[in-house]
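>>> What follows is a predicted protein model with its sequence.
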Amino acid sequence: MDISTACIHAGYEAGNGEPRALPITLSTTFRYSSTDEVARLFDLSESGFFYSRIGNPTCDAVEKKIAALEGGVGAMLTSSGQAANLLAVINLASAGDHIIASSTIYGGTVNLFSVTLKRFGIECTYVSPRATKEEILAEVRPNTKCVFGETVANPALAVLDLEVFAQAAHEAGLPLIIDNTFPTPVLCRPFEWGADIVTHSTTKYIDGHALTVGGVIVDSGNFDWEASGRFPDFCEPDESYHGVVYTRDFGNSAFIVKARVQLMRDLGCYPPATNAFILNESLETLPLRMRKHCDNALRVAEWLENQPKVVSVNYPGLPSSPDHDLATKYLPEGACGVISFVVDGDRDRAAALLDHLKMIPIEVHVADSQTSVLHPASSTHRQLTDEQLIACGVEPGMVRLSCGLESVDDIIADLEQAFAQI
Ligand SMILES: *Cc1c(COP(=O)(O)O)cnc(C)c1O
């Protein structure tokens, strides 16, 4: 199935006389008539739904659809992108362990790794997204459990060299986790480049209409947990499940089964069926939407490059981008809809530009059908001085622009009238 067909058909197939639309199964629990059946579900010797904290038919259909789109063996929805990255990492790493991450990842993930996971006893070392295989391997320790990166970083827009990160991880016997939020499986499928686990904040393009916060973890089924030697939890009996051995009993779905039956059971960050229904709706049009987001972003980025009041434009789809070669390789159909650019002048001038916009709202959000802007220096990063801003890679005049699905002429016209007033 082509990906545009899978976006519509994968995950749910209606039987004769059944609803065309994915039914919303709004039920916390599921009825059984024999204790034996329930016992088999609890022993994991049979699959079935019993409690909507760890599985639900509506969520299940969307999990199957997203797994098909990424080319994985299974997926698990989570209540947010933060929860997806948390569970993906702690399915591998425990107190006393260590992980390696690309330094340009999303700020929320940096906080998760550097503050909260540190309190859990898990240490993170950061490497440049431009690191060589040798530089990544130099950071591997005996207790390292994974390598983590983002295909296209939010908001730095750095494109990760997926093959280099995958080769380094595999040489050390480690799985590579890739947060594929910005490209979505429509623009890039990291498993094809060696990634082992993919995560998403579905809050962004997969939802795409600013309706629901959510996340997903997808398992490629390709990582050999036994051969690695670093994951006894996968290969030895789990006493919390009557001695289940994930690799023996679940084969190449060991990672995603363990994430669900251990971590989702204990932490309970599963989304409601209503949210999964909304994601399913949105997924049907994802390929159409991604094409338009990318077309609009490239046109707006080219227009911005020719504006005298703009110092620089950062968009991997532009030939002037230092990441253009990587974008051509990994994102041949487009580099997402998010652009950043630096307004000539101080932080007040960039703020003034945003205040003069008429159609485009200021929002702490990206990847929406509506175009939106944010000025980090007067919002998410406002506590920092100009010097501190520059040190963390955010220019005082930097504006983040998420190109929506409107006519590109209207987006440019709004920017043009706002530039004329500053
Ligand atoms: C937004 C985002 C997250 C966090 O997702 P939430 O759904 O907001 O919890 C994680 N990674 C990336 C790349 C993001 O853009």
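On my side now, so go ahead. Since we're looking at a predicted model, the values are computed, not measured.

>>> Enumerate every residue touching whatever residue of the stretch 51-200 of the chain ends up closest to the ligand.
Proximity of the stretch 51-200 of the chain to the ligand (C-beta to the nearest ligand atom) peaks at Gly81, 2.2 Å away. C-beta: built from backbone N, CA, C; applies to glycine. Going by C-beta atoms under 8 Å, 6 or more residues apart in numbering, Gly81 touches Gly108, Asp179, Thr181, Thr199, His200, Ser201, Thr202, Thr203, Lys204, Val213, Gly214, Gly215.

>>> Quick check, pLDDT for it.
We have a pLDDT of 98 for Gly81.

>>> Any idea how many residues pack against Gln167?
The number of residues packed around Gln167, counting by other C-beta atoms under 10 Å, is 16.

>>> I should have written Ile90 there, sorry.
20.

>>> Next: the one 10 residues further on.
Ile100 has 26 neighbours, counted by other C-beta under 10 Å.

>>> do Gln370 as well
The burial count assigned to Gln370 is 15, neighbours taken as other C-beta under 10 Å.

>>> Look up how far Ala158 lies from it.
Plainly put, Gln370 is 25 Å away from Ala158 if you go by C-beta to C-beta, to the nearest Å.

>>> ditto for Tyr126
For Tyr126, the distance to Ala158 equals 13 Å [C-beta to C-beta].

>>> between these two, which one's more packed in?
Ranked by neighbour count (other C-beta under 10 Å), Tyr126 and Ala158 place Ala158 first, with 26 against 17.

>>> for that one, what are its contacts?
Contact criterion C-beta under 8 Å, 6+ apart gives Ser102, Thr104, Pro129, Arg130, Val152, Asp323 as the residues in contact with Ala158.

>>> quick one: contacts for the residue in the stretch 301-422 of the chain that the ligand sits nearest to?
When distances are taken as C-beta to the nearest ligand atom, the stretch 301-422 of the chain reaches nearest to the ligand at Val366, 6.9 Å away. By C-beta under 8 Å, 6+ apart, the contact set of Val366 is Asn154, Pro155, Lys204, Gly337, Val338, Ser372, Leu374, Arg400, Ser402.

>>> just checking, what packs against the helix or strand bottoming out on mean pLDDT in the chain?
Across the helices and strands of the chain, the lowest-confidence element by mean pLDDT, DSSP states H and E is helix 386-391, at a mean of 78. Packing contacts for helix 386-391, counted by 3 or more C-beta pairs under 8 Å, 6 or more residues apart in numbering; DSSP states H and E, involve no helix or strand.

>>> list the buried ones in it?
Using 16 or more other C-beta atoms under 10 Å as the burial criterion, the residues of helix 386-391 that qualify are Leu389.

>>> so how far is that helix from its chain's centroid?
Helix 386-391 sits 27 Å away from the centroid of its parent chain (C-alpha atoms, centre = their mean, to the nearest Å).

>>> what does stretch 136-148 give?
Distance of stretch 136-148 from the chain centroid (C-alpha atoms, centre = their mean) equals 21 Å.

>>> Convert the C-alpha atoms of it to PDB, please.
Below are the C-alpha coordinates for stretch 136-148, written out as PDB (Å, rounded to 0.1, in the frame of the first residue of the first chain):
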ATOM      1  CA  ILE A 136      29.400   9.400  19.200                       C
ATOM      2  CA  LEU A 137      31.200   6.200  20.000                       C
ATOM      3  CA  ALA A 138      33.600   8.100  22.300                       C
ATOM      4  CA  GLU A 139      30.700   8.900  24.600                       C
ATOM      5  CA  VAL A 140      29.500   5.300  25.000                       C
ATOM      6  CA  ARG A 141      29.900   3.900  28.500                       C
ATOM      7  CA  PRO A 142      29.400   0.300  29.800                       C
ATOM      8  CA  ASN A 143      26.000   1.500  31.200                       C
ATOM      9  CA  THR A 144      24.800   3.400  28.100                       C
ATOM     10  CA  LYS A 145      21.300   2.200  26.900                       C
ATOM     11  CA  CYS A 146      20.400   4.300  23.800                       C
ATOM     12  CA  VAL A 147      21.200   7.100  21.400                       C
ATOM     13  CA  PHE A 148      18.400   9.700  20.900                       C
END
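
>>> which residues are contacting it?
Outside of stretch 136-148, the residues that reach it under the criterion C-beta under 8 Å, 6+ apart are 85, 89, 92-93, 96-102, 105, 109, 113, 125, 127, 164-165, 168-169, 171-172, 174-179, 197, 230-231.

>>> Show me the protein divided up by domain.
Domains of the chain are assigned by automatic domain parsing as 3-282, 288-419.
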